[in-house]
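Asks: Mind folding the following:
(one chain, ligands or ions: 1)
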Amino acid sequence: MTSLFSKAQLGRYSAQHRIVLAPMTRIRANRATLAPTPLTATYYAQRATPGGLLITEATHISPEATPIWTIYPKVRKSGDHVPGIWTQLQTDAWRQVTDAVHAKGGLIFCQLLHTGRVAQPEIGTHPIVQGTDAPLPPISASAMPIVASAEVGNQYNWDDTAVPPRAATQADIQRIIADYQQAARNALAAGFDGIELHAAHGYLIDQFLCDGVNQRTDSYGGTLANRCRFLFEVVAALVAVMGADRVGVRLSPLALNPATGLQTQTYFGVTCSDPVAIQTSAIQGLNQFRLAYLLLTEPRVGGLSAAPDQETAYTHPLRNTQYRDLYQGTLIGAGGFTPATAADAVAAGHYDLIAFGRWFLANPDLPTRIKHGYPLNVYQRDTFYGGNAAGYTDYPTWENRHQSAYPHMHQHQLRASLQTAKPSEKISSKGPQANTKKD
Ligand SMILES: Cc1cc2nc3c(=O)[nH]c(=O)nc-3n(C[C@H](O)[C@H](O)[C@H](O)COP(=O)(O)O)c2cc1C
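Replies: Have a look, this model is predicted:
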């Protein structure tokens with residue numbers, strides 16, 4: 001049986017264990033430069049282990065790609081921001097992060113993101129964008145606005161002020177591919193070991209994959225192959241810069257509730273009439289590249305506001321197991337894993353590595369805690385996005401637990417069980433959205 005503490009191949013790298021830091025937006029970039037700060041370097045270095053993979057927060061490839069997180073009232077008020085990787089200054093600042101991680105023997109991939117219709121034109125008023133001729137958001141596969149459904153509106157405070165996107169022309173598509181390539185070159189210059197293409201969670205590439213948003217009639221819309229075209233072109237462009245063995249991709253298959261036929265979640269209101277067919281095409285098509293890895297988000301319905309010991313996602317069955325046999329390379333799973341279910345999922349062969357989000361955010365020494373069964377710091381949701389060192393770099397290691405007031409809980413207190421979806425529960429029909437999710 002494969003253990004979390006055995007080696008795994010990640011393209012040209014050999015991971016020394018199978019516990020990965022999932023990409024997590026923390027909205028703590030320098031507000032003037034949209035670059036990571038010294039605190040960012042501390043945060044990632046704290047989580048670095050020899051031969052352990054860290055994936056950065058979503059890092060934006062251009063002003064057009066960059067969201068201003070006005071959906072979070074707290075962040076809107078503070079002016080906190082997400083980082084980019086399109087300027088020299090940003091690139092140089094990322095070098096401090098990669099140096100700090102490498103000093104501890106860690107591996108770090110930069111997650112590259114274009115948010116498509118989620119970004120808003122307000123970014124044009126930012127001093128580093130003002131006066132430049134950078135195209136402004138929002139842009140998408142088609143001119144389909146985010147529908148302010150009850151769920152979207154309530155959960156994310158998304159409202160009618162969201163500007164509808166313009167449909168990308170073929171020239172826009174070529175320009176965006178060039179932006180991805182430049183971001184990849186910058187990532188190399190910044191010393192990253194690789195990049196991860198964020199093709200999940202309702203952002204630009206997902207907007208091309210899913211026909212609720214992609215209504216194009218040209219070679220980028222309609223058939224499954226056409227809707228995958230943009231993804232594959234971006235991957236090919238990134239591979240040309242980095243080499244395939246330094247490129248990862250993230251996808252987020254959707255799930256439907258077998259009882260209702262409704263999508264159990266949407267990301268920013270993105271719907272799809274054929275979620276299994278499109279993900280199958282995308283996953284199969286990615287085989288041609290022989291990438292470092294594919295990261296799949298498990299479509300569990302997470303209790304976004306639930307306390308950890310009440311979290312229902314930890315008991316939801318895995319649903320991506322149906323894709324395992326389609327993909328020939330290294331597969332990373334993310335979403336609702338506990339130390340116990342991560343170990344079970346790897347031992348059962350469902351995934352090769354597991355990316356932890358919230359538990360790694362709150363436990364800088366997560367691999368050590370998992371190895372020894374130490375209790376976990378409990379994550380504090382109110383400091384996930386924006387702010388300063390609190391909830392960012394001040395979570396203690398187990399050794400230093402007495403220096404902090406953060407509560408901790410025993411690993412066995414997490415209600416967790418690893419199940420896989422029964423055949424009858426597998427995704428088989430179409431349906432509109434129910435809940436919404438982001439990140
Ligand atoms: C604060 C926060 C920010 C996140 N930001 C991103 C992101 O920038 N990119 C991404 O692909 N996923 C993002 N996610 C999703 C995580 O990568 C991960 O899939 C999610 O936390 C579920 O895993 P968990 O149950 O281990 O927390 C974010 C999650 C959280 C909690």
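
Asks: hey, let's count contacts and neighbours off CA atoms from now on
Replies: Fine.

Asks: And the helices in the stretch 251-400 of the chain?
Replies: 275-286, 321-324, 339-347, 358-362, 366-372 (DSSP state H, counting those that start in this stretch).

Asks: Can you spell out which helices and strands pack onto the fourth one?
Replies: What it means is helix 358-362. Secondary-structure packing of helix 358-362 (3 or more Cα pairs under 8 Å, 6 or more residues apart in numbering; DSSP states H and E): strand 376-377.

Asks: Over to the first one?
Replies: Under the contact definition 3+ Cα pairs under 8 Å, 6+ apart, helix 275-286 sits against helix 224-242.

Asks: Name the residues that touch the helix it packs on?
Replies: 173, 177-178, 180-181, 184-185, 188, 194, 197, 199, 205, 208-211, 214, 219-221, 244, 246-247, 277-278, 281-282, 285-286, 289 (Cα atoms under 8 Å, 6 or more residues apart in numbering).

Asks: Which ones among these lie within strands?
Replies: 194, 197, 247 (DSSP state E).

Asks: show me the contacts for the second one.
Replies: Looking back up the chat, that one is residue 197. Neighbours of residue 197 in contact, by Cα under 8 Å, 6+ apart: 111, 112, 113, 235, 247, 248, 249, 250.

Asks: Buried by neighbour count, from the contacts of helix 224-242: which ones?
Replies: 173, 177-178, 180-181, 184-185, 188, 194, 197, 199, 205, 208-211, 214, 220-221, 244, 246-247, 278, 281-282, 285-286, 289 (16 or more other Cα atoms under 10 Å).

Asks: Tell me where the model's unsure across the stretch 51-200 of the chain.
Replies: 69-77, 148-161 (pLDDT under 70).

Asks: Point me to the residue of it nearest the ligand.
Replies: The minimum distance from the stretch 51-200 of the chain to the ligand, using Cα to the nearest ligand atom, falls at residue 58 (3.9 Å).

Asks: where does the stretch 1-150 of the chain come near the ligand, residue by residue?
Replies: With Cα under 6 Å from any ligand atom as the criterion, the stretch 1-150 of the chain meets the ligand at residues 22, 23, 24, 25, 26, 57, 58.

Asks: Mind checking which of the residues you listed are in helices?
Replies: In helices, judged by DSSP state H, none of these are found.

Asks: which two in these are spaced the farthest apart?
Replies: 22 and 26 (12.1 Å; Cα to Cα).

Asks: so what pLDDT did the residue lying closest to residue 173 once chain neighbours are set aside get?
Replies: Nearest non-adjacent residue to residue 173, counting by Cα to Cα, 6 or more residues apart in numbering: residue 230, 7.9 Å away. According to the prediction, residue 230 has pLDDT 99.

Asks: how much space between residue 230 and the ligand?
Replies: Per Cα to the nearest ligand atom, to the nearest Å, residue 230 is found 18 Å from the ligand.

Asks: what residue ranges in the stretch 301-439 of the chain score low on pLDDT?
Replies: 301-306, 422-439.

Asks: separation between residue 180 and residue 105?
Replies: For residue 180, the distance to residue 105 equals 27 Å [Cα to Cα, to the nearest Å].

Asks: and if you look at residue 1?
Replies: Counting by Cα to Cα, the gap from residue 1 to residue 105 is 27 Å.

Asks: between the two, which one's more packed in?
Replies: A count of neighbours by other Cα atoms under 10 Å puts residue 105 above the other of residue 1 and residue 105, at 16 against 9.

Asks: ok, back up a step: figure out which of the helices of the stretch 251-400 of the chain is closest to the ligand.
Replies: helix 358-362 (3.8 Å).

Asks: ok, the closest one near the ligand or not?
Replies: Yes. Interface with the ligand: helix 358-362 contributes residue 358 (Cα under 6 Å from any ligand atom).

Asks: Mind listing residues that contact that helix?
Replies: Counting by Cα under 8 Å, 6+ apart, 21, 22, 47, 366, 376, 377, 378, 379, 380, 391, 392, 395 sit against helix 358-362.

Asks: wait, which of those residues is closest to residue 66?
Replies: Once Cα to Cα is applied, the member of these that ends up nearest residue 66 is residue 22, at 19.9 Å.

Asks: Can you add neighbour count and distance to residue 294 and give the contacts of helix 358-362 back as CSV?
Replies: Putting those into CSV (neighbours: other Cα atoms under 10 Å; distance: Cα to Cα, whole Å) gives the following:
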residue, neighbour count, distance to residue 294
21, 28, 14
22, 25, 13
47, 25, 22
366, 28, 22
376, 22, 28
377, 25, 29
378, 20, 29
379, 21, 27
380, 18, 29
391, 20, 29
392, 23, 27
395, 26, 29
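
Asks: pLDDT score for residue 25?
Replies: For residue 25, the predicted pLDDT is 95.

Asks: Once you drop chain neighbours, what's closest to it?
Replies: residue 57 (4.5 Å).
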